[in-house]
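Q: I'll drop the sequence and a predicted model, then ask my questions.
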Protein chains: 2
Amino acid sequence: MELIGAYEKTEVRLETVFSGALDGQAVELKGAVHSLRELGGVCFVTLRLRDGVIQCVCPPERLPDGLTEECAAVVTGTVRAEPRAPGGRELETERIEILSRPAAPLPVPVSAWKLKLNLDTELSLRPVVLRSLRERSVFKIQEGFSRAFREYLTQEGFTEIHTPKIVHAGAEGGSNIFRLEYFGRKAFLAQSPQFYKQAMVGVFERVFEIAPVFRAEKHNTPRHLNEYTSMDFEMGYLDSFTDLMAMETGFLRYAMELLRTQYAAELERLEVALPDMERIPAVRFDEAKRLAAEKYGRPIRDPYDLEPEEEHNIGRYFKEEYGADFVFVTHYPAKKRPFYAMDDPADPKFTLSFDLLFRGMEVTTGGQRIHDYQTQVDKMLAKGMHPEEFSSYLMAHKHGLPPHGGLGIGLERLTAQLCGLDNVRRASLFPRDQTRLEP
Amino acid sequence: MELIGAYEKTEVRLETVFSGALDGQAVELKGAVHSLRELGGVCFVTLRLRDGVIQCVCPPERLPDGLTEECAAVVTGTVRAEPRAPGGRELETERIEILSRPAAPLPVPVSAWKLKLNLDTELSLRPVVLRSLRERSVFKIQEGFSRAFREYLTQEGFTEIHTPKIVHAGAEGGSNIFRLEYFGRKAFLAQSPQFYKQAMVGVFERVFEIAPVFRAEKHNTPRHLNEYTSMDFEMGYLDSFTDLMAMETGFLRYAMELLRTQYAAELERLEVALPDMERIPAVRFDEAKRLAAEKYGRPIRDPYDLEPEEEHNIGRYFKEEYGADFVFVTHYPAKKRPFYAMDDPADPKFTLSFDLLFRGMEVTTGGQRIHDYQTQVDKMLAKGMHPEEFSSYLMAHKHGLPPHGGLGIGLERLTAQLCGLDNVRRASLFPRDQTRLEP
């Protein structure tokens, strides 16, 4: 019998190396050979670690036999200042030990500054393409957003929940739902955690979840994924649906600050400018439509929904007129919002709901929900639905729910818009679309 | 146009009330009426907030018309010390305003100390049963585990990833996989993020994911769920597979400390004693089997796997002999481990793998993986598999992976074992089993 204590190994961090604190000292680094070249009788091995790359310099005779790019290796050597090296420090290499070797060379030069692959090639080769520093930076920034969401909401008294993805009924309606055979019964993949997070408001008041959602969308567009990561929250005891937008603004402000302080290298590598997050303009749906139509001379075709080009123009309008990267569009028509949306008592043709546009693309849908049982049942009936099929959902309303609401943020869209990516697929590690089931 | 700033409302926390800092002061609290009773001409309204309950006292004439349990309400009053009240403080009520009303009384008395419902009733009524303080405490503790997993691994340099749940092939083999129709093609629900997290070791070195996994298990047992939350990590540059167990020990120690400091009320409510987490014994599979068989006189029937009763006995053995709540069982037979498991070079009948038992139940499976391309291809062929069907998985190996390994922890099992629950379904908000698709 052996006794296992907690992990206590500590590796040298590149940040420490680049700070100069280890100049003249011997260190050991483990990483992958990112690039390998010889210049004037000296070998330059760029080692890729989880926190960056470092140049290791050595005479050719000290390279182990068969060292190639993408070998995993342990490099020992002495840190020294070298202004021409990335980060201003390099390793004067004493010894390189190979831990593992690839079986074949890379299909694309991942050590190049930009890869410029077409989308299909990139996605098909994702397991190796992501080894590019720029590519992986996108997903570090994505991590920053989900960390920020959790940290901020935890501070605000939210409880994290995990709700089922195999469900007996869709929450969002429509035909974009995946079907599944479940022990001889018909089941579906959850389009959102909507039903469950509302029920949990009755338990925890404030809840959040970061989890996959599934949409069998048939459009093949740069904005759609068939599986994406939804960051959802739901909160009780609203004074107004504006509370929801304020909570999202608080999250975004927190997120940008976290990215600025903890993800500076990734932002720099991707040349990302963080948006100003002090306040976010909120404008009514019909007003937003009118402003954009007037300024850009594009007639309004669908009075009930925003077309992608209208979203784009609304984003452009608020950027040009107010310097805003984000804009809340509020009071969507009841006709286009789901059965659980609360109508505006001032004009029930509209709902107490909103979308958040970020640089002209919707990244959030949210709103106040109906909390009163009878009101919800009546609205379902008015929409031709059968409340008895939703009895497990309505159980929470029946036995009391406070006024509440919430929202869902598409993590990939948020990431893509911040990083200036032209297709949301580029912000999903392994995107799913109509033709893509692997890798 | 309106400008939305960050959420700035702050509510009075019960912790502050119970500290005595607000004695004699007027406060406003929002919550649900947890219980309501009259005693000697005085009404006692117990208000349920997200952080606990507080007793509000008022004369009957000050109760608003129609106040019942599970009304959402705003209560204003003055805090005063009252040794007989829970928490030692109560609210001398000035005013109660009803925000919303239930349409029907609760089907079960959620304000009772223990509900003692049979499992089927409990699960069918989950949206309301969880309003019981004891019930919801289980899921606060669950939140503590996932928070700890993320916080600890983030400190250790891991990157959080999100991998697809709709996949083209199962990672764990066997028949327990859900099938799905995906735009006219056959697809599956992921049994684990195994393939993706291994590929991501080549990118980020260390990754983790907390996400649902799906197992079409046909057994109906107290230990199985058809959908559960898996906490996975995978790390590169292992010196030995012991590094994985050390990382898990570090996580568990961190988790217990987080629970002790941040979730004390929930632990107390559930009468949970935290296990000692200094070190965890590790014992070889065959040795563990032998020790338990000898001590409890139960013959070994299956030399390749642990039966649930054997797991139970091994847990009991290490508790009795060493006072240990956790035990790592190492070196499982190669025959019973998946194709990606690394065989022990000292004896290839066994693998460099382990399970973690917690109070006699497996809560983790992990191990070192094969990183060399040809070794992996050869092992697949030896198992009768077709490597060409796994080319997107093998892409990472082909182009170089460091020595690596990882593990998956069942969040519900970990929660159930800590809380002493008799069925893992009780540790899932909305469990999925063969007969249960709702709520």
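A: Alright, I've got the coordinates.

Q: now residue A:132: how far from residue A:49?
A: 15 Å (CB to CB, to the nearest Å). Where C-beta positions appear, they are placed from N, C-alpha and C, glycine not excepted.

Q: When these two are compared, which one has more neighbours?
A: Using other CB atoms under 10 Å in any protein chain shown as the criterion, residue A:132 and residue A:49 rank with residue A:132 on top: 23 against 20.

Q: Ramachandran angles for that one?
A: For residue A:132, the backbone dihedrals (degrees, to the nearest 10) come out as phi -60, psi 140.

Q: thought it was touching residue A:116?
A: No. At 10.8 Å, residue A:132 and residue A:116 do not qualify as touching, with contact defined as CB atoms under 8 Å.

Q: so who does residue A:44 touch?
A: Going by CB atoms under 8 Å, 6 or more residues apart in numbering or on different chains, residue A:44 touches A:35, A:36, A:37, A:38, A:55, A:56, A:57.

Q: partners of the helix or strand hosting it in the sheet?
A: Taking DSSP states H and E as the definition, residue A:44 sits inside strand A:42-49. Looking at strand A:42-49 with DSSP bridges, its partner strands are strand A:26-39 (antiparallel), strand A:52-58 (antiparallel).

Q: And the strands in the stretch 51-200 of chain A, which stretches?
A: Along the stretch 51-200 of chain A, the segments classed as strands by DSSP state E, counting those that start in this stretch run A:52-58, A:72-81, A:89-100, A:159-160, A:166-167, A:179-182, A:185-189.

Q: would you list those in TSV and tack on mean pLDDT?
A: Shown next, in TSV, are the strands of the stretch 51-200 of chain A (pLDDT from 0 to 100):
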stretch	mean pLDDT
strand A:52-58	97
strand A:72-81	98
strand A:89-100	97
strand A:159-160	98
strand A:166-167	97
strand A:179-182	93
strand A:185-189	95
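
Q: and these, which is most packed in?
A: strand A:166-167 (a mean of 22; mean count of other CB atoms under 10 Å in any protein chain shown).

Q: what packs against that strand?
A: strand A:185-189 (3 or more CB pairs under 8 Å, 6 or more residues apart in numbering or on different chains; DSSP states H and E).

Q: Make TSV out of the strands of the stretch 51-200 of chain A and add distance to residue B:374.
A: As requested, the strands of the stretch 51-200 of chain A are exported to TSV (distance: least, CB to CB, whole Å):
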stretch	distance to residue B:374
strand A:52-58	27
strand A:72-81	16
strand A:89-100	11
strand A:159-160	43
strand A:166-167	39
strand A:179-182	38
strand A:185-189	38
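
Q: Those strands: which one's closest to residue A:147?
A: strand A:159-160 (12.7 Å; CB to CB).

Q: Who does that closest one pair with, and is each partner parallel or antiparallel?
A: Strand A:159-160 has these strand partners (DSSP bridges): strand A:206-214 (parallel).

Q: Dump the strand it pairs with to CSV, keeping only the CA atoms.
A: Once non-C-alpha atoms are left out, strand A:206-214 reads as follows in CSV (Å, rounded to 0.1, in the frame of the first residue of the first chain):
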residue,chain,number,x,y,z
ARG,A,206,-30.9,32.8,-8.4
VAL,A,207,-29.3,30.1,-10.6
PHE,A,208,-27.0,29.7,-13.5
GLU,A,209,-25.8,27.0,-15.8
ILE,A,210,-23.1,26.7,-18.4
ALA,A,211,-23.9,23.7,-20.6
PRO,A,212,-24.5,22.5,-24.1
VAL,A,213,-27.8,23.2,-25.9
PHE,A,214,-28.9,21.6,-29.1
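
Q: between it and strand A:185-189, how many degrees?
A: With axes from the mean of the first three to the mean of the last three CA atoms, to 10 degrees applied, the angle from strand A:206-214 to strand A:185-189 works out at 110 degrees.

Q: Next, the contact list for the residue lying farthest from the centre of chain A, please.
A: Largest separation from the mean C-alpha position in chain A: residue A:61, at 45.9 Å (CA atoms, centre = their mean). Taking CB under 8 Å, 6+ apart as the contact definition, residue A:61 lies against nothing.

Q: Distance of it relative to residue B:103?
A: From residue A:61 to residue B:103 the distance is 84 Å (CB to CB).

Q: and if you look at residue A:370?
A: 12 Å.

Q: next one: residue A:286
A: Applying CB to CB, the value for residue A:286 to residue B:103 is 34 Å.

Q: same for the longest helix that chain A contains, what does it pack against?
A: Secondary structure assigned by DSSP state H gives helix A:133-155 as the longest helix of chain A. In terms of contacts (3+ CB pairs under 8 Å, 6+ apart), helix A:133-155 is packed against strand A:206-214, strand A:227-236, helix A:242-262, helix A:264-269, helix A:411-419, helix B:133-155, strand B:159-160, helix B:194-204.

Q: and with 6 Å instead?
A: Using 3 or more CB pairs under 6 Å, 6 or more residues apart in numbering or on different chains; DSSP states H and E, the elements in contact with helix A:133-155 are helix A:242-262, helix A:264-269, helix A:411-419.

Q: just the angle between it and helix B:242-262, please?
A: 30 degrees.

Q: Leaving out chain neighbours, which residue sits closest to residue A:227?
A: residue A:432 (4.3 Å; CB to CB, 6 or more residues apart in numbering or on different chains).

Q: isn't that neighbour right next to residue B:165, touching?
A: No. If you go by CB atoms under 6 Å, residue A:432 and residue B:165 don't touch, sitting 8.9 Å apart.

Q: so what sits against both of the two?
A: Common contact partners of residue A:432 and residue B:165 (CB atoms under 6 Å, 6 or more residues apart in numbering or on different chains): none.

Q: Contacts for stretch A:317-332 next, please.
A: The contact list for stretch A:317-332 (CB under 6 Å, 6+ apart) reads A:245, A:275, A:280-282, A:284-285, A:288, A:291-292, A:295, A:350-351, A:353-359.

Q: ok, now with 8 Å
A: A:241, A:245, A:252, A:275-277, A:280-286, A:288, A:291-292, A:295-296, A:306, A:314-315, A:341, A:344, A:350-359, A:367, B:4.
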